[in-house]
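**Q** Structure here, sequence nowhere to be found:
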């Protein structure tokens with residue numbers, strides 16, 4: 001069964017170590033929420049508000065964050081392969097040491113985002129704003 005958190009107010013919520021794969025979080029308020037080591041593979045976060053959310057070491061393979069706000073989100077060491085961040089705001093987001101292969105970042109705001117040692121093979125950045133982003 002798919003769990004539906006669409007539109008839920010979940011600011012500061014903890015999903016640490018939880019299996020929330022294929023769940024719906026459309027339009028959810030998830031500011032400063034923790035998804036530390038959570039399994040959110042295949043979940044949908046369209047237009048979710050996730051500023052300062054923690055997704056450290058999360059499994060977000062194939063997860064959709066279309067149009068979401070992930071300003072200052074921490075995705076360090078997350079598995080994000082084939083995720084979609086189309087038109088998402090990822091200003092100052094941290095992707096250090098993440099598996100970011102095949103991600104769709106088209107039209108995303110990636111101002112000052114950190115991609116230190118991230119694996120970005122096959123990712124798409126067409127018309128994304130990468131001003132100040134770190135790829136070292």
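**A** Alright, I've got the coordinates. Just so we're clear, the structure is a prediction, and the values are computed from it rather than from any experiment.
**Q** element containing the nearest residue to residue 117 once chain neighbours are set aside, please.
**A** Spatially, and ignoring its direct neighbours in sequence, residue 117 is nearest to residue 97 (5.0 Å; Cβ to Cβ, 6 or more residues apart in numbering). Bear in mind the C-beta positions are built from the backbone N, C-alpha and C, glycine included. According to DSSP states H and E, residue 97 maps onto no helix or strand at all.
**Q** just checking, residue 97 touches residue 118?
**A** Yes. Assessed by Cβ atoms under 8 Å, residue 97 is found in contact with residue 118 at 6.6 Å.
**Q** still on that earlier bit, could you report the neighbour count for the residue nearest to residue 117?
**A** Residues lying near residue 97 (other Cβ atoms under 10 Å) number 17.
**Q** And for residue 83?
**A** Count around residue 83 with other Cβ under 10 Å applied: 29.
**Q** Please apply the same query to the one 5 residues further on.
**A** A count of nearby residues for residue 88, using other Cβ under 10 Å, gives 31.
**Q** Just to check, it is in contact with residue 67?
**A** Yes. In this structure, residue 88 is within contact of residue 67 by Cβ under 8 Å, at 6.3 Å.
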